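Student: kindly generate the corresponding structure for this input.
(chains A and B, ligands or ions: 2)
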Amino acid sequence: MNTEIEEKLDSQKYLEMDLLRFTTAGSVDDGKSTLIGRLLYDSKAIFEDQMDAIEEVSNRKGKGYVDLSLLTDGLRAEREQGITIDVAYRYFATPKRKFIISDTPGHIQYTRNMVTGASTANLAIILVDARKGVIEQTCRHSFIASLLQIKHVVVCINKMDLVDFKQEVFDKIQQDYKDFASKLSIPDIRFIPISALLGDNVVDRSENMSWYEGSTLLHTLENVNISSDQNFVDARFPVQYVIRPQSDEFHDFRGYAGRVEGGVFKPGDEVIALPSGFNAKIKTIETIDGQLDEAFPPMSVTITLDREIDISRGDMLVKPNNQPQNSQDVELMICWLNEKKLVPNGKYVIRHTTKEARCIVKEVRYKMNINTLHRVEDDTTIGLNDIGRILIRTTAPLFYDSYTKNRFTGSVILIDEFTNETVGAGMII
Amino acid sequence: MASYNLTHLKQLEAEAIFIMREVAAQFEKPVLLFSGGKDSIVMVRLAQKAFAPAKIPFPLMHIDTGHNFVEALEFRDDMVKKIGANLIVRYVQDSIDQGRAQDEKGPNPSRNGLQTITLLDALEEFKFDAAFGGGRRDEEKARAKERFFSHRDEFGQWDPKNQRPELWNLFNGRKNPGEHFRVFPLSNWTEMDVWQYIASEKMEIPNLYFTHKREVVVRDGALLAKSDFITLLNGEKYEERIVRFRTVGDMTCTGAVESTADNLDDIIQEVASARQTERGTRADDKRSEAAMEDRKKQGYF
Ligand SMILES: Nc1nc2c(ncn2[C@@H]2O[C@H](COP(=O)(O)OP(=O)(O)O)[C@@H](O)[C@H]2O)c(=O)[nH]1
Ligand SMILES: [Mg+2]
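Tutor: Ligands and ions are numbered 1, 2, ... in the order given. Down below sits the predicted model:
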């Protein structure tokens, strides 16, 4: 595979590659680490010295094969226990795309890691063991993918070698999954029968499953269309930092630095600054390499305005005819990330875009049973790895969109005021 | 809508700039650790981009092990002058002279571990509360789990099992007095990305990265450059080879590779076909399977 990489690397092509971030989910031993190892190995992202190291460890442990999962199980405790306990990031590229994988563990106690990995992912691979079919964990992982608004899910039915590569097994699992996923909001779901261990349909087409006519996993990853997943409609520019050079040359320069989190901004556009409500026109969009004709997500730029208005970090530039919601009372789906349980009526620091405020938890509406997708209304304690719906009141108004409209203006984190730990991940409803 | 596409390199650049601005906004006294190596050169370029037309709003700091390549030091000083940055240098040798650190014994003593002591002292001395590093997650397994914002306790230690979750674009830099953060804007870059970026930005880099003649000694498969810090063992001798460096660290533990690459495009071709990670040329990582994790826990980068 990848004779392209063997050939002369085409630098121009490399500069034109785009980026796909994906996350992998599956329960323990479904073969996640093996699959990632296989993708890295077959796309030549694994080097000799890394291979030597895992070969040596595999031999030492008396394994009869090179255990590709050792590539991703990075921390000592993980290698010793043979499990993945934290999010690890992996990288590989083909001539078409660069890939960032967040490899997250499958056990229920690591829901928080999956949520973390999923928060930035364009696509999720959900692994199902062909012998076990759709199980509780599959549902949980799919729910999280849906909750986090991952638009593309690839269900890999793994270990097909252990079920004689039978089509019936694949068909049944596919149907079971579809039945259950109709309750979720995932627009694009695909199914691929694979053997991560042997490589069938991962990078190369399987010779054992001629009945399967779809793409291989790598081909799918290379070609899935993600360009329309971002919001290019609702213009949002949270101000991150104010640039004032205070040099003679740029005496009056005042630039608002930030990342475009939605929509498109152009010089001449009328904008309004929140919360002040003052209007101005965009004078220039600056970068060190010159001025730009437009800025769109996820570009980091510096905007200058045609008149001086008071704007600081945490403020937001938007278009006058398309404004975000503006409120101190916000409803969230929250995933709890910390051993210390959510305190009803508790106060937390809240971070939303570039703004920091404090908030109080007014009410826990319900907790989700994330295996059955039922709402639990009689037990509303939210502890580590729980997901629930809450109502908060913030000390200052937030300018937000619903998470389904915009992942970046629709998300918040809660921080413990005393330990400073990030304890909750919230998606605004 | 199809025109609203950013290439992966532009996305990585935008992400790194976002992180740098976030640090400038969230912390009182950040510092950018600068080694003269390619990653830190890229970091400086990104910092310039993040704050232009203003100057970089934090100083650069180099922890000089005393085992540096002269070429890297000269490059460092030139660059600092050119961009008008403020450079602080602290020396491992001073920590040794003060009795706070002790050189390793052996034929190629590494000062890599000692660097940590000098670094932590310097952070304390200037009350820096955030230090940018050029670490990338593709370099090494322990790094693959590192966050962009990596919290360190008052002893500068990393607790890999108790890292703060990082979601979306929301970075939590809150801390107690005495604690600090290490911040890694290049987390998602690979070695190839760095080289492609250097090429596409037409950046200057130390000539150590390009082919040259050099006297080296072959030790444990690595080609170590001739220097005063290396003691030849029985039967070893220096020989002249045509080499270049893939990474620039301490002379005692940075191995050269045989290469005739004299321009960025050749280097990129070499990286594309390389069968060793760049850290594979570094003796310090070979010491044990968990070498990097252990050093990081102590406060290393
Ligand atoms: N027969 C077979 N075994 C597999 C396959 N994929 C993974 N395995 C094995 O299943 C076990 C668990 O795999 P691992 O990748 O560690 O699973 P993880 O816990 O999901 O990361 C290992 O012994 C693998 O060798 C497959 O496609 N076929
Ligand atoms: Mg695993």
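
Student: the stretch 201-301 of chain B: strands as residue ranges?
Tutor: Under the criterion DSSP state E, counting those that start in this stretch, the stretch 201-301 of chain B carries strands at the ranges B:212-219, B:222-225, B:239-245, B:255-258.

Student: winner for burial among these?
Tutor: strand B:222-225 (a mean of 21; mean count of other C-beta atoms under 10 Å in any protein chain shown). The C-beta positions use only the backbone N, C-alpha and C, and glycine is treated the same way.

Student: re the thing from before, reformat the strands of the stretch 201-301 of chain B as TSV; add mean pLDDT.
Tutor: Listed next are those as TSV, based on pLDDT from 0 to 100:
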stretch	mean pLDDT
strand B:212-219	85
strand B:222-225	82
strand B:239-245	89
strand B:255-258	85
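
Student: who wins for proximity to A:Val224 among the ones you listed?
Tutor: Minimum separation from A:Val224 across these (C-beta to C-beta) falls at strand B:255-258, 37.1 Å.

Student: direction included, what does the closest one pair up with?
Tutor: Sheet pairing of strand B:255-258 (DSSP bridges) gives strand B:222-225 (antiparallel), strand B:239-245 (antiparallel).

Student: what does it contact?
Tutor: B:214, B:216, B:222-225, B:241-246, B:281-283 (C-beta atoms under 8 Å, 6 or more residues apart in numbering or on different chains).

Student: try 6 Å this time
Tutor: B:216, B:222-223, B:241, B:243, B:245-246, B:281 (C-beta atoms under 6 Å, 6 or more residues apart in numbering or on different chains).

Student: low pLDDT regions in the chain?
Tutor: Using chain A. A:1-11, A:46-50, A:63-66, A:68-85, A:105-109 (pLDDT under 70).

Student: oops, chain B please
Tutor: B:1-3, B:107-109, B:141-142, B:160-161, B:274-301.

Student: can you give me the helices for it?
Tutor: B:8-26, B:38-51, B:70-83, B:92-97, B:112-126, B:191-200, B:264-273, B:291-298 (DSSP state H).

Student: figure out which of those is closest to ligand 1.
Tutor: Among those, the nearest to ligand 1 by C-beta to the nearest ligand atom is helix B:291-298 (19.5 Å).

Student: could you chop the chain up by domain?
Tutor: Going with chain A. Per automatic domain parsing, the domain ranges recorded for chain A read A:15-223, A:236-318, A:325-428.

Student: think we crossed wires, I meant chain B
Tutor: Split by automatic domain parsing, chain B gives B:8-194+B:290-297, B:204-285.

Student: in TSV: the contacts of strand B:255-258, plus distance to ligand 1.
Tutor: What follows is the contacts of strand B:255-258, written out as TSV (distance: C-beta to the nearest ligand atom, whole Å):
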residue	distance to ligand 1
B:Val216	41
B:Ala222	33
B:Leu223	37
B:Arg241	42
B:Val243	39
B:Phe245	36
B:Arg246	31
B:Thr281	30
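
Student: thinking again about what came up before, closest one to ligand 2 among the strands paired with strand B:255-258?
Tutor: Ligand 2 lies closest, by C-beta to the ion, to one member of the strands paired with strand B:255-258: strand B:222-225, at 32.1 Å.

Student: related to what we said a few turns ago, for A:Tyr41, which of the strands of the stretch 201-301 of chain B is the nearest?
Tutor: The nearest among those, by C-beta to C-beta, is strand B:255-258 at 22.9 Å.

Student: contacting residues around the nearest residue to B:Lys127 once chain neighbours are set aside?
Tutor: Leaving aside its sequence neighbours, B:Lys127 sits nearest to B:Lys29 (C-beta to C-beta, 6 or more residues apart in numbering or on different chains; 5.8 Å). Going by C-beta under 6 Å, 6+ apart, B:Lys29 touches B:127-129.

Student: output the domains of chain A as a markdown table; include the columns distance to B:Ile41 and mean neighbour count.
Tutor: Below are those laid out as a markdown table (distance: least, C-beta to C-beta, whole Å; neighbours: other C-beta atoms under 10 Å in any protein chain shown):
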| stretch | distance to B:Ile41 | mean neighbour count |
| --- | --- | --- |
| domain A:15-223 | 19 | 20 |
| domain A:236-318 | 15 | 18 |
| domain A:325-428 | 28 | 19 |
